[in-house]
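A.B. asks: take a look and give me a structure for this.
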Amino acid sequence: MRTMDPDQWKAFIDRLIEEPDFDVTGVTEKGSRFVFAPLGQASELRLDYDITILPPKKELLPPNEDLLTFDISKPFDVLAARHERKKVLVGVHPYDLIAINMMDQVYLGTHVDDNYEARRQNTIIIASDIINIPPKAFCGSLGTHTVETGYDLLVTPLDDRYVVTEGTPAGTALLEKFAETRESSRYDIERVEKLRAELPSRYLRSPHVDKYKWSEILEENYEHPLWEENARKCLTCGTCTLVCPTCVCYDVHDEVELDLERGKRKRTWDGCLLKEFTLVGSGEIFRETPTNRYRHRYYRKGMYLPMRYGFVACVGCGRCATQCLADIADPLEVMNVLASSSMEDKKKLPIPEVKVHGVKQELLIPKAADIIYKEPMTDIDTLYRIRLDSGEALGHRPGQFIELSIFGIGEAPISIASSPGSGPEFDLLVRKIGDVTSKLDTLALGDKIGIRGPFGNGFNIEALKGRNLLYVGGGCGLAPLRSLINYSLEHRSEFKKISILYGCKDPSSLLFRNDLESWGTMEDVDFRMTVNICRSDEGWKGNIGVITTLIPDIDMDPDTTMAIVVGPPVMYKFVIRELKQKGIPDENIIVSLERRMKCGVGKCGHCQINGVYVCLEGPVFNYADIMGLPEAF
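C.D. replies: I've put the predicted structure just below:
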């Protein structure tokens, strides 16, 4: 440890501020509250603060940041935003530092977020021991009131001096270059140790159950009346997620300048309490009721993230409880109520153990691609053939998806409709239902689009080999199914009996008519299709009825048959019920789920169903793995 007198400490901070290579941000006053803001001089810094309005996560994951710039007037002019300036962040309390370390696991894990990584590498953190306790905090009982790692420097403000603990070589170098210090005496060290040891007793609040028991408590209380009772008071404003240091979900949108040519793709904070957080292009909201959204916030913090990363995503800072007008956002109060009145009706909410496939590219920047073929299939569905400018194959597996980008409009997740054997070209079936897909409909051959991906886990082809395959496709669900169907037909000897069932609304809604005709003429394929309704003048001679009417007549061995089901959400429960009546076990049913897969790499949070990220663990799932998830079907 090193010690500085007050004048030496101020001189140290002033030298950092004067250093042209640094942007220095610290805790300052804002009325009667405190915020992290750029420092103009050392006298503005307040290390005696209790809590800041917003956590320092905003310095690493800004509420509003540029991801890239583009020029629509040029074929494909895109430039990634870079964040190369060094930042010194002064006054971070231990609980916020622990929250930053949690963010590191999310944003620097399997898929590294380039922007976050750049800021993290260019940020030196000078943490600060806690002097004053906010009234709503309970850090002392969570063990987040002190830290031993994660900082470059840790300052302990005492009455007449500042004691600094060195955490990294970068921190030591900062002291050596900008500060006048002396080695801390035993007396100084003992004062620091005493301050930290006394902190827990100064907190006025504590949960009735250890934080590592929260998952168990939540597992027993998914249907507890507390969720609906509190949700009736909830304003669904999302303030609790905005001020939380461990809530890191976001949205992405494009902004075009007044010249209608140049623009920026921006990332902004988002929150699961907002109604449109799970809105998909078809108009469905998968977590529509306030009760479901309110409950999801607590399960994410206390169960889903601990299952995935091993940490409880609450550091006890009390910001949410302080800011909530309805007084229902306090995790301590909620967990205390649940712990005292457990329903004891356990609901397993597992995360399937599947391999997460990393993406070998810059995550946020699309690759340039051309539209080389375009064929309308229905009034709202069009088949596009795409080729990357690089000439490389997309490298996808059946069942994966891409993020299709049109600068100035945005991005949309689209399933890949062709088999991997199609070379450097790949097919997308796009339904015109949103801004991106409507704009795509106006583009011509040779026009440029952006592609990110492929993302997600596709079908486990190895597990399907040597089995009977029963494909059940509904509506535009035939697109991702077509990728696997064509793969299995291209490698016909590797699979046993193949049956294909396809249903859509009416004859005018039929997709991939050439494929349907081809499958229908194959001697080694049992192909059947149906339409829900049909006018007498449409000349339809096939089956009329929902797709479940085709299943009873299929001859199948339930033990050796794998059923692959893809279609609209409403279809699944009825198809699965029919399959189970035929004796197909749960583990032999494969499904592909639709959610709002915004980022594609499990960070933005929109596609989450209970503890599962559809864009990571899915979109293809074994039904047995997710059948118990309330938000899955």
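A.B. asks: what bits of the protein have low per-residue confidence?
C.D. replies: For the chain, the stretches flagged by pLDDT under 70 are 342-344, 356-361.
A.B. asks: for it, longest helix please?
C.D. replies: The helix that spans the most residues within the chain, counting by DSSP state H, is helix 186-202.
A.B. asks: elements contacting the next helix or strand after that helix?
C.D. replies: Scanning forward in sequence from helix 186-202 by DSSP states H and E, the next helix or strand is helix 214-219. Counting contacts by 3 or more CB pairs under 8 Å, 6 or more residues apart in numbering; DSSP states H and E, helix 214-219 packs against helix 305-309, helix 331-340. No exception for glycine: its C-beta is placed from N, CA and C like everyone else's.
A.B. asks: make JSON lines out of the ones you listed and add distance to residue 578 and mean neighbour count.
C.D. replies: Below are the helices and strands packed on helix 214-219 laid out as JSON lines (distance: least, CB to CB, whole Å; neighbours: other CB atoms under 10 Å):
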{"stretch": "helix 305-309", "distance to residue 578": "32", "mean neighbour count": "17"}
{"stretch": "helix 331-340", "distance to residue 578": "38", "mean neighbour count": "19"}
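A.B. asks: pipe those helices into a markdown table and attach distance to residue 397 per row.
C.D. replies: Supplementary listing: those in a markdown table, determined by distance: least, CB to CB, whole Å:
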| stretch | distance to residue 397 |
| --- | --- |
| helix 305-309 | 23 |
| helix 331-340 | 40 |
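A.B. asks: mind checking which of these is nearest residue 413?
C.D. replies: Residue 413 sits nearest to helix 305-309 of all the helices and strands packed on helix 214-219, at 21.2 Å, using CB to CB.
A.B. asks: what's the closest one in contact with?
C.D. replies: Outside helix 305-309, the residues within contact range by CB atoms under 8 Å, 6 or more residues apart in numbering are 102, 105-106, 212, 214-215, 246, 311-313, 349-351, 611.
A.B. asks: buried subset of those?
C.D. replies: 102, 106, 214, 215, 246, 311, 312, 313, 349, 351, 611 (16 or more other CB atoms under 10 Å).
A.B. asks: of those residues, which is the nearest to residue 180?
C.D. replies: Distances from residue 180 to these, taken by CB to CB, are shortest for residue 102, at 35.2 Å.
A.B. asks: surely the closest one and residue 301 touch.
C.D. replies: No. Using CB atoms under 8 Å, residue 102 is not in contact with residue 301, being 10.5 Å away.
A.B. asks: and for those two, which residues touch both?
C.D. replies: With CB under 8 Å, 6+ apart as the test, residue 102 and residue 301 both reach 246, 313.
A.B. asks: tell me what the longest helix of the chain is packed against?
C.D. replies: helix 139-142, strand 153-157, strand 162-166.
A.B. asks: and the ones you listed: which comes nearest residue 473?
C.D. replies: Between these, helix 139-142 lies closest to residue 473; by CB to CB that is 48.8 Å.
A.B. asks: what is that closest one packed up against?
C.D. replies: Using 3+ CB pairs under 8 Å, 6+ apart: helix 139-142 touches helix 94-107, helix 186-202.
A.B. asks: what's the most buried one of those?
C.D. replies: Highest mean neighbour count of the helices and strands packed on helix 139-142: helix 94-107, a mean of 22 (counted as mean count of other CB atoms under 10 Å).
A.B. asks: quick one: contacts of it?
C.D. replies: For helix 94-107, the surrounding residues in contact (CB under 8 Å, 6+ apart) are 52, 55-57, 60-61, 92, 113, 116-117, 120, 125, 127, 129-130, 137, 139, 142, 144-147, 150-151, 245-246, 248, 305, 309, 311, 313, 315-317, 603.
A.B. asks: again, but for stretch 539-550
C.D. replies: 472, 474, 501-503, 507, 528-534, 567, 571, 574-575, 577-578.
A.B. asks: contacting residues for the residue lying closest to residue 439 once chain neighbours are set aside?
C.D. replies: Of all residues not flanking residue 439 in the chain, residue 409 sits nearest, at 4.7 Å (CB to CB, 6 or more residues apart in numbering). Residue 409 sits next to 254, 435, 436, 439 when contact means CB under 8 Å, 6+ apart.
A.B. asks: pull out the buried members of these.
C.D. replies: 254, 436, 439.
A.B. asks: SS state for the last one?
C.D. replies: It stands for residue 439. Reduced to three states with DSSP: H, G, I helix; E, B strand; the rest coil, the structure at residue 439 is helix.
A.B. asks: touching, it and residue 407? I think so.
C.D. replies: No. Counting by CB under 8 Å, residue 439 stays clear of residue 407, with 10.0 Å between them.
A.B. asks: hmm, back to that, now secondary structure and distance to residue 167 too, for the contacts of residue 409, in a markdown table please.
C.D. replies: Output for these, formatted as a markdown table (DSSP: H, G, I helix; E, B strand; the rest coil; distance: CB to CB, whole Å):
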| residue | secondary structure | distance to residue 167 |
| --- | --- | --- |
| 254 | strand | 40 |
| 435 | helix | 47 |
| 436 | helix | 45 |
| 439 | helix | 49 |
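A.B. asks: tell me, how many residues neighbour the nearest residue to residue 623 once chain neighbours are set aside?
C.D. replies: Once flanking residues are discounted, residue 623 sits nearest to residue 589: 3.8 Å by CB to CB, 6+ apart. By the measure other CB atoms under 10 Å, the count of residues near residue 589 is 24.
A.B. asks: now do the same contact list for residue 269.
C.D. replies: Applying CB under 8 Å, 6+ apart, the residues near residue 269 are 61, 63, 64, 241, 242, 249, 250, 251.
A.B. asks: that one bridge partners, please.
C.D. replies: Counting by DSSP bridges, residue 269 forms beta bridges with residue 250.
A.B. asks: measure it to residue 562 for me?
C.D. replies: 42 Å (CB to CB, to the nearest Å).
A.B. asks: residue 208 touches residue 333, doesn't it?
C.D. replies: No. Between residue 208 and residue 333 there is no contact under CB under 8 Å: 10.3 Å.
A.B. asks: mind listing what's buried along stretch 521-541?
C.D. replies: 525, 526, 527, 528, 529, 530, 531, 532, 534, 540.
A.B. asks: again with stretch 313-325
C.D. replies: Quick answer for stretch 313-325 (16+ other CB under 10 Å): 313, 314, 315, 316, 317, 318, 319, 320, 321, 322, 323, 324.
A.B. asks: these two touch, right, the last one and residue 330?
C.D. replies: Yes. Here residue 324 reaches residue 330: they are 7.2 Å apart, a contact under CB under 8 Å.
A.B. asks: all strands of the stretch 501-633 of the chain, in order?
C.D. replies: In the stretch 501-633 of the chain, the strands defined using DSSP state E, counting those that start in this stretch lie at 525-531, 543-544, 561-566, 589-592, 608-609, 612-613, 620-622.
A.B. asks: in its sheet, what does the second one sit against?
C.D. replies: Spelled out, it's strand 543-544. Take DSSP bridges as the rule and strand 543-544 pairs in its sheet with strand 525-531 (parallel).
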